[in-house]
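> Pasting a predicted model and its sequence here:
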Amino acid sequence: MRGQAPDSPFQHRSVQEAGARPRRRRLGVREGMPVDVSSQTAPFGTRPRHPPSRPLLHADLAFQGARGRVLFIRACRILSVMTKPLLPRAILSVALSGALALLGIAPAHAAPDPAVTHRFEQVVHDFYERYLATHPEEATQLGDHRFDRKSGDQSAAGIAADRRLYRKTLDAIQAIPAASLPPDHAVDRAILENDLRARLFDIEVMKTYTWEATDYSGTEGVYVLLARDFAPMKDRLAAAKLRLEAIPKLVAAARQNLQRPPRVFTETAIAQNKGAVSFVQDDLDDFIKQAPEMKAALAPARARAAAALKDYGQWLEKVLLPRSDGDFRFGKAHFEQRLKFSLDSDLSADEILARAEADLKATQAQMEQVALPLYKRWFPGKPTDGVDGHVIVRAVLDKIADTHPDNDTIVGEARDDLDKATAFVREHRLVSLPTKPIKVIVMPEFQRGQSTAFCDWAGPLEKNGETFYAISPTPADWSPQRVESQYREDNSAELRDITAHEAMPGHYLQGAHASQVKMPTLVRAMTGSGTFIEGWAVYAEQFMAEAGWGGDETRMEQLKIRLRVAINAILDQKIHAGHMTEDEARHLMMDTGYQEEGEAAGKWRRAEMSAGQLSTYFVGVQEQTALAHDLKARMGADDLAVHDRMLSHGSIATKYVRQLEGLAPAAQVTAAK
């Protein structure tokens, strides 16, 4: 997902934040379209979300003790050729067990225990049964429609019930030894443990329910009922009516819970609430036209919901905003904890920052190399000796931006790019193509203004669900100057890179592969590693561009995005674990990253609201590139076989893929560039 992520694997689009609550599976919020809090085009929950978990998706993870068969066999072979042990057998046994433990591998003698495995499966089943029943909107997103006529409880009592459920489940899985589980079950155990700890961290430590003002909107729960054709529209509207009737209760809970949020959260909630009112009053008409007999039945619920949302908007502006003086910065200790939950990586915060700063310099140099021949071709006669490489890169990017779509052509151009990208992947045997269809759609007006494109996966429990590649013309209320600026940023070369990220071979293809993985429990369907998902999409841009996709122009745009990915990770840490100012951040983004002023302003706001999330792209592509390098070295195979193997375990954190494949942890190897 690139862009303003409601930042999500249920939602790749807004995204996942480190609290890892399952979200709407809208992947890929395209970088570049800044959030405009004065706009009324953001209807609901389009805030940057915690990165890790998507109940379906994103939506966004930890494993200890799974047996790495390859490494263990190699260790046994080393021992078997010793005609005389260098150490007593007992000491060798202890040493081997310790070494394997350091690698996250259980000793071979710890064979899976069927009874323990069954107990773990039962704990997982019981947790998700309860969770889906008490979070019905997310159940709908996942494709479980047993609870479509119900709404969740975000009151203090509901949050307390969530806390008890998470604590009870965490205690239950901690009582189950990972070494007694089969490798894939042990991975699921670690993923679920990380997810539960992240949820408890949000509730008990960060108390996000008291300041994340963007969390309170009932309209997303209504929209997910209507977006996909899983039942007759009449039935879906009947369920939507009941969720509309629950909105007054939801905004009452918001008034009770919200205390002193950071100002940016309240400002964004005010803008989103205006979009929610518009959705209830106006946008629902598009769905009601498909079942006009429901119009009269829905009218009272719509009126009450709209009135409650308008009243809530007044409260946000007149009561909450004046007291919104909370600090958006997490502080070093809390940020590092959030980052740990969000990324579920073997890399430390210090290592991530050091790698990001080094990658930034390396990518700048690479851009200058690619730009120079283009500059000579497009500006013949102009001197290059002694000219600052930054000047050459800027001139080339400006020239590339001259060729761009407009509101009338962008959807058709994206559809054509998708067809060509599919043929390119097939011709170059880069990765196996999915059979599940993807539909290119025009992004609805009320969803515009936050991203140029996003991939919207169907829930993993949805039967015959569709995946959408949504493309956004600019919002109707944008000025001609703003429209031109946006399309120069999302020019034709960049649109090809966007298609590689969001659709082929990025989010769409990766999600299609994940849906075919035989999973031991529901854990991988209910959660998703934002680091793996976003890392794959950025890595997909990279290997497509390196294979020649879109020519040197798209290669330049891909490298520009690579700069942005490194800058994102730097911003994430220096803002939330440090004291970086907005001016310092803008200087880094605009002068070093070639970003436009509006884009930089939007990224600052996003960084304020999404601690830990902006790092997922950089850490993800670092880990995916290293994983591809190590698998290729071990397998001796082509790109297609290596990439298929990378995607064969679902959307789990890359460190678990390495463990299941018998590879050393990424922290012990140098990421391949």
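It's in.
> In the strand or helix carrying D350, which of the residues would be classed as buried?
Using DSSP states H and E, D350 sits within helix 349-378. Across helix 349-378, burial judged by 16 or more other C-beta atoms under 10 Å covers 349, 351-353, 355-356, 359-360, 363-364, 366-368, 370-372, 374-375. All C-beta atoms are positioned from the backbone trio N, CA, C, and that covers glycine.
> what's the offset of that helix from the middle of its chain?
With C-alpha atoms, centre = their mean, to the nearest Å as the basis, helix 349-378 stands 24 Å off its chain's centre.
> and it, what's its mean pLDDT?
Mean pLDDT, computed over helix 349-378, is 97.
> Can you spell out which helices and strands pack onto that helix?
On a contact count with 3 or more C-beta pairs under 8 Å, 6 or more residues apart in numbering; DSSP states H and E, helix 349-378 meets helix 332-343, helix 389-401, helix 551-576, helix 615-635.
> In a markdown table, list those helices along with distance to K439 and mean neighbour count.
Listed next are the helices and strands packed on helix 349-378 as a markdown table, based on distance: least, C-beta to C-beta, whole Å; neighbours: other C-beta atoms under 10 Å:
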| stretch | distance to K439 | mean neighbour count |
| --- | --- | --- |
| helix 332-343 | 30 | 22 |
| helix 389-401 | 29 | 18 |
| helix 551-576 | 24 | 24 |
| helix 615-635 | 26 | 23 |
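> So which of those is nearest F265?
helix 551-576 (14.3 Å; C-beta to C-beta).
> relative to helix 389-401, how tilted is that closest one?
120 degrees (axes from the mean of the first three to the mean of the last three C-alpha atoms, to 10 degrees).
> Can I get stretch 192-205 in PDB, CA atoms only?
Extracted in PDB, the C-alpha atoms of stretch 192-205 (Å, rounded to 0.1, in the frame of the first residue of the first chain):
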ATOM      1  CA  LEU A 192      -1.200 -14.600  17.700                       C
ATOM      2  CA  GLU A 193       0.900 -13.900  20.700                       C
ATOM      3  CA  ASN A 194       2.300 -10.800  19.100                       C
ATOM      4  CA  ASP A 195      -1.100  -9.700  18.000                       C
ATOM      5  CA  LEU A 196      -2.600 -10.100  21.400                       C
ATOM      6  CA  ARG A 197       0.300  -8.300  23.100                       C
ATOM      7  CA  ALA A 198      -0.100  -5.400  20.600                       C
ATOM      8  CA  ARG A 199      -3.800  -5.100  21.400                       C
ATOM      9  CA  LEU A 200      -3.100  -5.100  25.100                       C
ATOM     10  CA  PHE A 201      -0.400  -2.500  24.700                       C
ATOM     11  CA  ASP A 202      -2.800  -0.200  23.000                       C
ATOM     12  CA  ILE A 203      -5.500  -0.700  25.700                       C
ATOM     13  CA  GLU A 204      -3.400  -0.900  28.800                       C
ATOM     14  CA  VAL A 205      -0.400   1.300  28.100                       C
END
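> Report how far apart the opening and closing residues of stretch 647-654 are.
Length of stretch 647-654, first residue to last, C-alpha to C-alpha, to the nearest Å: 10 Å.
> can you list contacts of it?
Stretch 647-654 has contacts (C-beta atoms under 8 Å, 6 or more residues apart in numbering) with 9, 57, 60-63, 187, 191, 343-345, 431, 510-511, 513-514, 517, 519, 524, 528-529, 531-533, 535-536, 620, 623-624, 627, 656-657, 660, 666.
> which of those residues are buried?
Among these, the ones that count as buried by 16+ other C-beta under 10 Å are 9, 57, 60-63, 187, 191, 343-345, 431, 510-511, 513-514, 519, 524, 528-529, 531-533, 535-536, 620, 623-624, 627, 656-657, 660, 666.
> Tell me the buried residues in the helix or strand in which L244 is found?
Under the criterion DSSP H and E, the helix or strand holding L244 is helix 233-245. By neighbour count on 16+ other C-beta under 10 Å, the buried set for helix 233-245 is M233, D235, R236, L237, A238, A239, A240, K241, L242, R243, L244, E245.
> Contacts only, for R524.
Counting by C-beta under 8 Å, 6+ apart, the residues that R524 touches are D188, I191, A514, V517, G650, S651, I652.
> count of neighbours near D416?
The number of residues packed near D416 is 15, by other C-beta atoms under 10 Å.
> Quick check: which element contains it?
helix 410-427.
> tell me what that helix is packed against?
Contact partners of helix 410-427 among helices and strands, from 3+ C-beta pairs under 8 Å, 6+ apart: strand 438-442, strand 467-471, helix 492-502, helix 530-546.
> Could you check how far T422 is from A133?
40 Å (C-beta to C-beta, to the nearest Å).
> do the same with R415
40 Å.
> Least confident secondary structure element in the chain?
Using mean pLDDT, DSSP states H and E, the weakest-scoring helix or strand in the chain turns out to be helix 69-80, at a mean of 26.
> circling back: got a markdown table for the buried residues of helix 233-245, with pLDDT and distance to A296 too?
Formatted as a markdown table, the buried residues of helix 233-245 follow (pLDDT from 0 to 100; distance: C-beta to C-beta, whole Å):
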| residue | pLDDT | distance to A296 |
| --- | --- | --- |
| M233 | 98 | 15 |
| D235 | 98 | 17 |
| R236 | 98 | 17 |
| L237 | 98 | 11 |
| A238 | 98 | 13 |
| A239 | 98 | 17 |
| A240 | 98 | 14 |
| K241 | 98 | 11 |
| L242 | 98 | 16 |
| R243 | 98 | 18 |
| L244 | 98 | 14 |
| E245 | 98 | 15 |
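> and which of those is nearest E317?
Closest to E317, out of all of the buried residues of helix 233-245 and judged by C-beta to C-beta, is L244, at 22.9 Å.
> isn't the closest one right up against A299?
No: with contact defined as C-beta atoms under 8 Å, L244 and A299 do not form a contacting pair (10.4 Å).
> what's the overlap in contacts for those two?
Common neighbours of L244 and A299 (C-beta under 8 Å, 6+ apart) do not exist.
> How much space separates D630 from L663?
5 Å.
> repeat for A306
When A306 is compared with L663 (using C-beta to C-beta), they lie 55 Å apart.
> Perfect, that will be all.
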